[in-house]
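Chemist: requesting a structural model of the entry that follows:
(chains A and B)
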There are 2 protein chains.
Amino acid sequence: MSITRKTRIAIDMDEVMADTIGKFITMYKERHNEDFSLGNMEGKEFREILPPHLSETLRVYINERGFFRDIPVMPDAQEVVKALHDKYDVYVASAAMEFKYSLEDKQAWLEEHFPFISWTNIIFCGHKILDVDIMIDDRIKNFATFNGRKILFTSPHNMLITDYERVNNWQEVAAKLL
Amino acid sequence: MSITRKTRIAIDMDEVMADTIGKFITMYKERHNEDFSLGNMEGKEFREILPPHLSETLRVYINERGFFRDIPVMPDAQEVVKALHDKYDVYVASAAMEFKYSLEDKQAWLEEHFPFISWTNIIFCGHKILDVDIMIDDRIKNFATFNGRKILFTSPHNMLITDYERVNNWQEVAAKLL
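Modeler: Numbering: from 1, shown residues only, chains lettered A, B, ... in the order given. Have a look, this model is predicted:
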């Protein structure tokens, strides 16, 4: 028997709500005086464009307490997620378990920038095995066993993938779902 | 199109894997020299059996850092969850978001007592909107929009509920699922 409920959307944090790559770029400029631009990142993870002498640094930095606390908000994310929240049952779903010190940072970040999202609608997980209708995510691995509508949010690493419905920014999410 | 996968089980932490009420009893004995037994708790939450002068203390204690770190493991939980893990795709799902300082404690507790559970299979959430086949939980609210097999794990507060498949302990889980 199916249960009637509002349409549920699960929204990813890193590289979707949060400009994590923007933080990487700022951080490498500040700590190593290295300039990285998105231009040469197509189809690549950020760690892959690091020079060899810095290749091990990214994992160390991501695992520092505080790393996830001051990530810039993705342009237009606040306004569009608020409007989605008024229309749908919106969940934030982050694979936060990978980085054990990220959880408190991510909670505080959401409370600061998305205060209208209740604690009941926040999910920190590994595999995203969610009973939702729509997923907005930059990682296709999170779509692997998901039967609902998959919306791929553009990030440099996924730019060569062609098989999914894609949005390039939050304005495009608004155009599709509002 | 349905995707073939192993049967997934989501297992709750508090009052299922973890003897949270056992910790409450020990804590009130130590801090207030008050003895509470499970005998008079049928159909009640623990906070409801506290005397009036202590009624506000429980929420304060639960929100202390460290509260969830040293909760006793429920009898037989380790052996049976390990055996389930060998047969099914086992997830641990806790409504940890309600207590913002519980997340790191719960991660460390799982790592200590259930080290075979990968970070990929841990879910901290509010509403349990999970795409799983079986849920083992002591709170029927977590079954509200779940269409799979619901197994109610006995805890004092749920003892008057009659509508669900019930297990009284981990040996009964083993008898049903192994």
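
Chemist: pull the residues that contact stretch A:78-90.
Modeler: Contact with stretch A:78-90 is made by A:5-9, A:11, A:17, A:113-114, A:116-117, A:121, A:134, A:170-171, A:173-174, A:177-178, as judged by CB atoms under 8 Å, 6 or more residues apart in numbering or on different chains. Quick note: C-beta positions are derived from backbone N, CA and C, even for glycine.

Chemist: ugh, wrong one, stretch A:52-67
Modeler: With CB under 8 Å, 6+ apart as the criterion, stretch A:52-67 contacts A:23-24, A:27-28, A:31-32, A:34, A:46-47, A:50, A:99-102, A:105.

Chemist: so which residues on chain A come close to chain B?
Modeler: Residues of chain A that fall close to chain B, judged by CB under 8 Å from any CB of the partner chain: A:1-3, A:5, A:8, A:91, A:97-98, A:100-101, A:103-104, A:107, A:118-127, A:129-132, A:144-147.

Chemist: just the buried ones from these?
Modeler: Neighbour counting over the residues of chain A next to chain B (16 or more other CB atoms under 10 Å in any protein chain shown) leaves A:8, A:91, A:97, A:101, A:103-104, A:107, A:119, A:121-127, A:129-132, A:146 as the buried ones.

Chemist: shaky segments in chain A?
Modeler: By pLDDT under 70, the weakly predicted segments of chain A are A:1-3.

Chemist: helices along that one, start to end?
Modeler: Applying DSSP state H to chain A gives helices spanning A:20-32, A:57-62, A:77-87, A:102-113, A:170-177.

Chemist: contacts for stretch A:112-119?
Modeler: Under the criterion CB under 8 Å, 6+ apart, residues A:17, A:73, A:78, A:81-82, A:85, A:90, A:92, A:110, B:97-98, B:100, B:126 lie in contact with stretch A:112-119.

Chemist: repeat the analysis, applying 10 Å as the threshold.
Modeler: Residues outside stretch A:112-119 that contact it (CB atoms under 10 Å, 6 or more residues apart in numbering or on different chains): A:11, A:13, A:17-18, A:69-74, A:77-78, A:81-82, A:85-86, A:90-92, A:107, A:110-111, A:121-122, B:95-100, B:125-127.

Chemist: over to it now: how far is its first residue from its last?
Modeler: 13 Å (CA to CA, to the nearest Å).

Chemist: do stretch A:81-95 as well
Modeler: End-to-end distance for stretch A:81-95: 19 Å, by CA to CA.

Chemist: ok, now stretch A:135-149?
Modeler: Length of stretch A:135-149, first residue to last, CA to CA: 6 Å.

Chemist: how about that stretch: buried residues?
Modeler: A:135-139, A:142-143, A:146, A:148-149.

Chemist: check stretch A:40-53 too.
Modeler: Neighbour-count burial for stretch A:40-53, with 16+ other CB under 10 Å as criterion, is recorded at A:41, A:46, A:49-50.

Chemist: fine, thanks again, bye for now.
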